[in-house]
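Asks: Model the structure of this input:
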Amino acid sequence: MTGVYTIKKSSVALDTVVIVSLVLFMGYVVYRVSVGLNYHWDWGVIPNYLLRWDVDKGRWVSNILLDGFLTTIRLSLWAVLFATLIGVVVGILRTRKRLLFRLVSRSYVELIRNIPPLVLVFIFYFFVSDQLMLLLGVDEFIRSRTGQAGQWLFFVIAPPDLFSSFLSGVFTVALFQGAYITEIVRAGIQSVDKEQWEASAALGLTWFQQMRFIVLPLAVRRVLPPLANEFINTIKYSSIVSIISIQELTFQGMQVMSSTQRTNEVWLTISFMYFLLCFAVSLFARRLEVFSANTSL
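Replies: Down below sits the predicted model:
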């Protein structure tokens, strides 16, 4: 008991030293920015760009920074959904015995992983999405939606004038992250013991039944930690679509910075908002891991 108490005490002391060191470091950074660079902090401008008073509605409504934050959430959710769908399907194809499936899936993974995401954004927006959306008449269809349907599309996806750009950003981030999720899913499936396959085959299960009832439930428990990391990366990579004028958090931050010249305050606020979103996903993934571990017992 004495040894355990000593270990706990030393751990608390180490945590205290680390926290104090971080606080001192942040204080030093603030001091150098304020004194060394002669920078005058003005946090009073930030709340005005988070919320504003709407005279017509008679209440507080979100301003451009909070609107950008909500757009980032929508963009991230859709990107995570499509990236997971792509990753699961292509990851399963990578484990198939048929050569064609493995060639197609590996070509996708190698192609996407070896092209910078910034280049993918331009390729997909200017050479694929722009022509494809026009050919399918997506813009005309979205602009023709009125009433409750139009409000629902505005809330869940994006305003009509930004719909094509929003979809381009979603699919670009989804394609990029889908390649990494593919490898996670493939590794998870291949980590399932061979005996599980043999036992399920001996029970007369088809391949689809084996994947649904035996292999995928086991693989999901093993790939949850790396999947959670990729979901967080998806949120952070969503900022790259600001270059095609999607009004997400980074884009709106640049707008506020150019109008207020409050560089440090704006980017620190944006960093904190990204941290809140990513940290929430991290906590949810941790709870999901605990739940999965408990249900597996």
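Asks: shaky segments in the chain?
Replies: Applying pLDDT under 70 to the chain flags residues 1-12, 30, 33-37, 39, 128-131, 133-155, 159-161, 293, 295-297.
Asks: what helices or strands is the helix ranked longest in it leaning on?
Replies: If you go by DSSP state H, the chain has its longest helix at helix 263-296. Where contact means 3 or more CB pairs under 8 Å, 6 or more residues apart in numbering; DSSP states H and E, helix 263-296 is packed against helix 46-50, helix 64-94, helix 216-237, helix 249-260. In short, each C-beta sits where N, CA and C put it, glycine included.
Asks: how far off helix 263-296 does the longest one point, in degrees?
Replies: Put simply, helix 64-94 runs at 40 degrees to helix 263-296, going by axes from the mean of the first three to the mean of the last three CA atoms, to 10 degrees.
Asks: Please tell me how far whichever helix or strand comes after helix 64-94 is from the chain's geometric centre.
Replies: Per DSSP states H and E, helix 64-94 leads on to helix 99-113 as the next helix or strand towards the C-terminus. Its chain's average C-alpha position is 23 Å from that of helix 99-113, according to CA atoms, centre = their mean, to the nearest Å.
Asks: Could you number the chain from 37 rather than 1 from now on?
Replies: Will do, 37 is the new start, and the previous item becomes helix 135-149.
Asks: List the contacts of helix 135-149.
Replies: 126-127, 129-130, 132, 156, 211-212, 214-216, 218-219 (CB atoms under 8 Å, 6 or more residues apart in numbering).
Asks: Closest one to F244 out of the residues you listed, please.
Replies: R132 (12.2 Å; CB to CB).
Asks: which residue sits closest to the closest one in space, ignoring its chain neighbours?
Replies: Once flanking residues are discounted, R132 sits nearest to R138: 6.4 Å by CB to CB, 6 or more residues apart in numbering.
Asks: Kindly report the same for F249.
Replies: L241 (7.1 Å).
Asks: Run a quick neighbour tally on that neighbour.
Replies: 16 (other CB atoms under 10 Å).
Asks: again, but for L154
Replies: Using other CB under 10 Å: L154 sits among 12 other residues.
Asks: need the contact list for it.
Replies: Per CB under 8 Å, 6+ apart, neighbours of L154: I276, I279.
Asks: returning to that earlier point: can you give me the distance of the residue nearest to R132 to S281?
Replies: Separation of R138 from S281 (CB to CB, to the nearest Å) stands at 39 Å.
Asks: what does F249 give?
Replies: Here F249 is placed at a distance of 46 Å from S281 (CB to CB).
Asks: cool, and L147?
Replies: Noted for L147: a distance of 26 Å to S281, by CB to CB.
Asks: L319 now?
Replies: Distance of L319 to S281, computed by CB to CB: 32 Å.
Asks: cool, and L203?
Replies: From L203 over to S281 the distance is 13 Å, taken as CB to CB.
Asks: just L312 next, same as before
Replies: 25 Å.
Asks: Same check on L101?
Replies: From L101 across to S281, the span is 17 Å (CB to CB).
Asks: So between those two, which is more surrounded?
Replies: L101 (23 against 12).
Asks: Leaving out chain neighbours, which residue sits closest to that one?
Replies: Y85 (4.6 Å).
Asks: For D103, see how far away the one you found is.
Replies: Y85 is 10 Å from D103, by CB to CB.
Asks: okay, the two: which has more neighbours?
Replies: Using other CB under 10 Å, the more surrounded residue of Y85 and D103 is Y85, with 23 against 17.
Asks: check contacts around the more buried one.
Replies: So Y85 contacts N99, I100, L101, V292, T296 (CB under 8 Å, 6+ apart).
Asks: run the last query once more with 6 Å
Replies: Going by CB atoms under 6 Å, 6 or more residues apart in numbering, Y85 touches N99, I100, L101, V292.
Asks: Which member of the residues you listed is positioned nearest Q226?
Replies: Among the contacts of Y85, L101 lies closest to Q226 (CB to CB), at 44.2 Å.
Asks: Fine by me, we can end here.
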